[in-house]
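Undergrad: Quick one, what's the 3D model for this:
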Amino acid sequence: MTEADTVARADVTPGEVQPYAELGLTGAEYARILGTLGRRPTSAELALYSVMWSEHCSYKSSKVHLKQLAEKAPPSAALLAGIGHNAGVVDIGQGYAVTFKIESHNHPSYVEPHQGAATGVGGIVRDVLAMGARPVAVMDALRFGPASAPDTGRVLPGVVGGISFYGNCLGLPNIGGELDFDPCYAGNPLVNALCVGVMRHGDLQVASACGPGNQLILFGSSTGPDGVGGASVLASATFAGSAAGGEAAKRPSVQVGDPFLEKLLVECCLELFAEGVVVGIQDLGAAGVACATTELAAAGTGGMRVRLDAVPLRDASLGPPEILMSESQERMMAVVEPARVERFLEVCARWEIRAAVIGEVTDSGRLVMTWHGKVVVDIPPGSAADGPVYDRPAERGADQAALAADDPAALPRPADGAALRADLLALIGSPGLADKGWVTDQYDRYVRGDTVLAMPEDGGLLRVDAATGLGIALATDGNGRYCRLDPYLGTQLVLAEAYRNVAVTGARPLAVTNCLNFGSPEDPAVMWQFAEAVRGLADGCATLGVPVTGGNVSFYNQTGSSAVHPTPVVGVLGVHDDVRRRLSIGFNQEAGEASPEAGGGHAIVLLGRTDAEFGGSAWAHVRHGHLGGRPPAPRLDADRRLAGLLAAACADGLLSAAHDLSGGGLAVALAESCLRGGSGCRVRLPGDPFTWLFSESAARAIVAVRPGAEAAFDELRAAHDVPGQIIGRAGGDSLIVEDCFTIPLAELAAVHTATLPALFG
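TA: Numbering: from 1, shown residues only. Purely as a prediction, here's the structure:
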């Protein structure tokens with residue numbers, strides 16, 4: 001055993017050189033540690049501060065902006081736990097509560113795609129579990145470089161394989177998400193994973209170490225060298241380049257997951273919660289033991305004594321710094337009353353979960369850690385848990401004005417029906433809009449038996465209570481192009497689309513989570529993007545009446561000096577009063593059972609207002625590789641009214657289908673509805689065909705109205721002050737736009753489904 005660097009030794013060796021810069025700490029931060037401790041830190045303390053003060057764990061560059069998400073939050077009686085907890089918790093009625101959160105695992109997924117993505121799923125599942133809930137479903141939001149690029153061919157299959165492997169082994173349905181491609185993500189993919197869990201109100205757990213004398217138990221996997229320094233080496237630094245050697249050097253910082261052990265851990269935790277033997281609990285994710293002990297102590301009585309040599313190891317050579325920094329997966333830490341420790345350990349043994357008492361809660365106000373009887377850490381826990389706060393320079397990028405001036409109105413537009421037809425086929429066959437079955441078919445979407453809607457629907461829908469039909473809807477959305485053009489407006493458009501995707505299932509949007517993916521916070525232009533995006537999200541949530549319950553910030557998403565587009569991914573959760581009345585996007589056979597040519601078929605109504613808005617649009621991107629102009633104007637009040645209309649119409653049974661309009665506009669929405677339900681449609685456009693087909697104006701949806709319900713729906717629509725007009729009817733075996741073009745469904749399907757299999761096998 002190597003002699004540990006003890007506090008006593010640190011006291012008498014003040015001049016010893018320490019590798020603080022290599023661990024991601026600045027000179028000023030190191031000086032702050034010296035001032036806090038009144039001496040140099042030990043190697044274990046230096047490791048602890050380095051990971052706790054990393055961008056990933058401390059939010060040191062984002063806290064100054066994120067606080068407005070709470071300050072501007074609309075009042076919500078449903079919010080049971082919000083920002084600052086492992087995951088947000090909301091009341092959905094009937095005694096049920098739901099917890100959900102989304103987080104990133106971007107850099108690990110580039111370095112080692114399978115394990116990076118798999119452990120991203122495992123980590124977010126444990127966040128939800130730590131709130132006391134049973135995890136019931138996952139989602140993922142993925143972005144890669146050009147679809148045809150060789151490196152995308154390396155990364156994407158590994159990421160999808162990792163997500164499917166971990167989620168399928170856990171027995172969790174994957175009910176939706178996103179997949180998109182853009183050159184800006186080359187070398188820095190975005191892999192954001194969401195988990196949702198269900199509990200009863202009384203099941204809520206807390207992450208705090210209270211009660212002096214209570215015991216600290218580490219349980220789950222043993223601790224190894226995998227993931228050492230991941231929070232600082234991968235998550236809080238930019239990639240200098242994409243050379244294979246650089247990736248290989250970072251591989252030790254990528255965690256290795258075991259979903260079968262995590263499944264046992266989930267069941268073990270739920271039994272422990274039911275037995276009432278847990279006083280406080282924290283999952284071990286980024287920064288491992290360092291984070292769990294520090295945050296538990298800081299949130300509780302304020303003191304803790306930990307025996308690091310009691311931590312179960314699978315590598316006996318690990319010393320205190322490595323034990324603290326390790327991000328080995330499938331681990332949890334619990335605070336347990338002394339009288340309940342024996343029962344706690346019995347439950348763990350029954351589930352074959354390794355558990356060890358490694359310390360106890362104190363009232364000393366100090367976090368003290370020993371190594372074979374010698375003190376190697378002695379710090380005030382709040383000093384590590386709170387970390388520095390930076391208000392970094394933020395300045396509008398020099399190229400923003402030129403971007404805004406590059407209006408897509410100057411782009412060549414299709415001149416006739418044949419060209420419009422060609423553009424629609426190009427869009428639905430483009431990698432970002434093509435059928436995602438190659439990905440989603442690798443996921444089990446229906447395990448557990450409570451999935452009601454899943455991809456390619458706008459939102460995932462889960463049954464919570466079989467007797468009453470109570471359910472929850474979830475959607476995630478992001479749009480880097482919109483946010484590159486205007487991060488404030490773009491983020492509101494992203495929020496509005498996720499909100500709308502929940503609403504079109506018939507659910508009432510209730511709460512928000514987010515994963516904010518940006519470049520380096522040390523770049524003033526990136527910091528301006530971030531500040532504007534957070535401001536847009538806060539203002540948008542206030543207008544829509546949905547609070548942010550928590551989320552994640554992911555900085556340093558860039559290779560060298562090239563940052564990804566600002567890409568806030570927003571997840572919205574809604575409550576569905578009766579999932580048996582849910583709405584699908586598809587024009588099904590019932591909707592098209594009578595010929596539209598003869599005036600039969602369900603009426604297709606376009607809701608909302610359409611203007612010529614093409615900045616950042618899928619049409620400009622796919623057909624011209626263009627990014628410029630202004631994004632569509634958000635219409636948040638209109639979206640709120642639209643959501644109210646859809647919920648009421650769904651409850652009254654007036655509709656057979658509903659689909660939001662977003663990327664690709666009305667043209668893509670009609671194609672997707674026809675393909676999903678297997679029924680064609682015939683529509684007549686009331687104005688310029690190009691604008692009506694491809695504009696991406698906000699706050700719009702198409703619905704199919706049941707025969708005989710047209711008058712009732714029109715009355716309801718007027719009551720909610722939602723513009724709308726009948727543009728056609730469902731039915732037939734083709735998508736027909738009168739006076740423009742006809743596309744047989746077989747041709748639509750062939751183009752839509754061929755792209756991803758041709759690219760990835």
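
Undergrad: which residues does Ala97 form a beta bridge with?
TA: Beta bridges link Ala97 to Asp91, Met199 when assigned by DSSP bridges.

Undergrad: Using the three-state scheme, assign the spatially closest residue to Pro631 that is not a sequence neighbour.
TA: Once flanking residues are discounted, Pro631 sits nearest to Tyr482: 4.2 Å by C-beta to C-beta, 6 or more residues apart in numbering. All C-beta spots, glycine's among them, are computed from the backbone N, C-alpha and C. Following DSSP: H, G, I helix; E, B strand; the rest coil, Tyr482 is assigned to helix.

Undergrad: Show the contacting residues for Tyr482.
TA: Contacts for Tyr482 (C-beta atoms under 8 Å, 6 or more residues apart in numbering) come out as 489-490, 493-494, 615-616, 631-632.

Undergrad: Can you give me the pLDDT of it?
TA: Note on Tyr482: pLDDT of 98.

Undergrad: Could you do Gly245 as well?
TA: Confidence score, pLDDT, at Gly245: 42.

Undergrad: Repeat that for Phe239.
TA: Turning to Phe239, the model gives it a pLDDT of 47.

Undergrad: still on that earlier bit, go through the contacts of Tyr482 and say which is closest to Leu474.
TA: Ranked by distance to Leu474 (C-beta to C-beta), these are led by Val494 at 15.0 Å.

Undergrad: Can you verify that closest one is assigned to a strand?
TA: No. Going by three-state DSSP, the assignment for Val494 is helix, not a strand.

Undergrad: That one contacts His565, doesn't it?
TA: No. Using C-beta atoms under 8 Å, Val494 is not in contact with His565; the gap is 11.7 Å.

Undergrad: Name the residues contacting each of the two.
TA: By C-beta under 8 Å, 6+ apart, the residues touching both Val494 and His565 are Cys483.

Undergrad: for the stretch 301-450 of the chain, what spans make up the helices?
TA: Assigned by DSSP state H, counting those that start in this stretch, the helices in the stretch 301-450 of the chain fall at 320-325, 341-350, 381-386, 400-405, 417-428, 437-440.

Undergrad: who touches the last one?
TA: In other words, helix 437-440. 142, 160, 174, 179, 454-456, 753, 756-757, 760.

Undergrad: same check, this time on the first one
TA: Surrounding helix 320-325, the residues in contact under the criterion C-beta under 8 Å, 6+ apart are 4-5, 42-44, 46-48, 50-51, 223, 225, 228-229, 287-290, 308, 311, 313, 369, 371, 376-377.

Undergrad: can you tell me which of those residues are in helices?
TA: Among the contacts of helix 320-325, the ones falling in helices (DSSP state H) are 43-44, 46-48, 50-51, 288-290.

Undergrad: And these, which is closest to Asp407?
TA: Set against Asp407, the nearest of these by C-beta to C-beta is Val51 (46.4 Å).

Undergrad: Not counting sequence-adjacent ones, nearest residue to that closest one?
TA: Nearest one to Val51, counting by C-beta to C-beta, 6+ apart, is Ala287 at 3.9 Å.

Undergrad: where does Ala130 fall, phi/psi-wise?
TA: Backbone torsions of Ala130, given as degrees, to the nearest 10, read phi -70, psi -20.

Undergrad: so how many other residues sit close to it?
TA: 27 (other C-beta atoms under 10 Å).

Undergrad: same question, Arg154
TA: Residues near Arg154, counting by other C-beta under 10 Å, number 12.

Undergrad: do the one 5 residues further on as well
TA: Number of residues near Val159 (other C-beta under 10 Å) recorded here: 25.

Undergrad: Retrieve the pLDDT associated with it.
TA: 98.

Undergrad: What residues of the host helix or strand of it count as buried?
TA: Using DSSP states H and E, Val159 falls within helix 150-170. Buried residues in helix 150-170, counted by 16 or more other C-beta atoms under 10 Å: 152, 155-160, 162-170.

Undergrad: Wait, a helix at Ala137?
TA: No. Using three-state DSSP, the assignment for Ala137 is strand, not a helix.

Undergrad: show me what contacts it?
TA: Ala137 sits next to 172-175, 195-196, 448, 451, 460, 462, 474 when contact means C-beta under 8 Å, 6+ apart.

Undergrad: Just give me the neighbour total for the residue nearest to His201 when sequence neighbours are not counted.
TA: Excluding the flanking residues, the one nearest His201 by C-beta to C-beta, 6+ apart is Ala97, at 5.3 Å. For Ala97, the count of nearby residues is 23 (other C-beta under 10 Å).

Undergrad: Now do the contacts for Gln529.
TA: 397, 483, 487, 518-519, 566.

Undergrad: Quick check: buried residues in the strand or helix carrying it?
TA: In the assignment (DSSP H and E), Gln529 maps to helix 524-544. By neighbour count with 16+ other C-beta under 10 Å, helix 524-544 contains the buried residues 525-544.

Undergrad: Please enumerate the helices of the stretch 151-300 of the chain.
TA: 230-233, 244-250, 259-275, 288-299.

Undergrad: same question but for the stretch 551-700 of the chain, I mixed them up
TA: Under DSSP H, counting those that start in this stretch, the stretch 551-700 of the chain gives helices at 618-624, 636-651, 665-677, 689-694.

Undergrad: Which one, of the ones you listed, ends up nearest to Ala466?
TA: Smallest distance to Ala466 across these (C-beta to C-beta): 19.0 Å, for helix 636-651.

Undergrad: residues in contact with the closest one?
TA: Residues from elsewhere that reach helix 636-651 (C-beta under 8 Å, 6+ apart): 492, 496, 499-500, 502-509, 540, 543-545, 577-578, 581-583, 607-609, 655, 658, 698-701, 703, 713, 716-717, 720-722.

Undergrad: Those residues, buried ones only, as a ChimeraX selection?
TA: Of the contacts of helix 636-651, the buried ones go into a single ChimeraX selection, burial set by 16+ other C-beta under 10 Å:
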select :492,496,499,500,502,503,504,505,506,507,508,509,540,543,544,545,577,582,583,607,608,655,658,698,699,700,701,703,713,716,717,720,722
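
Undergrad: ok so, going back, got the contacts of Tyr482 as a markdown table, with pLDDT, neighbour count and distance to Arg9 columns?
TA: Formatted as a markdown table, these follow (pLDDT from 0 to 100; neighbours: other C-beta atoms under 10 Å; distance: C-beta to C-beta, whole Å):
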| residue | pLDDT | neighbour count | distance to Arg9 |
| --- | --- | --- | --- |
| Leu489 | 98 | 23 | 56 |
| Gly490 | 98 | 30 | 53 |
| Leu493 | 98 | 30 | 57 |
| Val494 | 98 | 28 | 52 |
| Gly615 | 98 | 26 | 61 |
| Gly616 | 98 | 30 | 58 |
| Pro631 | 98 | 26 | 58 |
| Pro632 | 98 | 25 | 62 |
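
Undergrad: Return the closest of those residues with respect to Ala130.
TA: Once C-beta to C-beta is applied, the member of the contacts of Tyr482 that ends up nearest Ala130 is Val494, at 27.4 Å.

Undergrad: Quick one: residues contacting Arg630.
TA: Contacts here follow C-beta under 8 Å, 6+ apart; on that basis Arg630 touches 404, 407, 485-486, 489, 615.

Undergrad: what about 7 Å?
TA: 404, 485-486, 615 (C-beta atoms under 7 Å, 6 or more residues apart in numbering).
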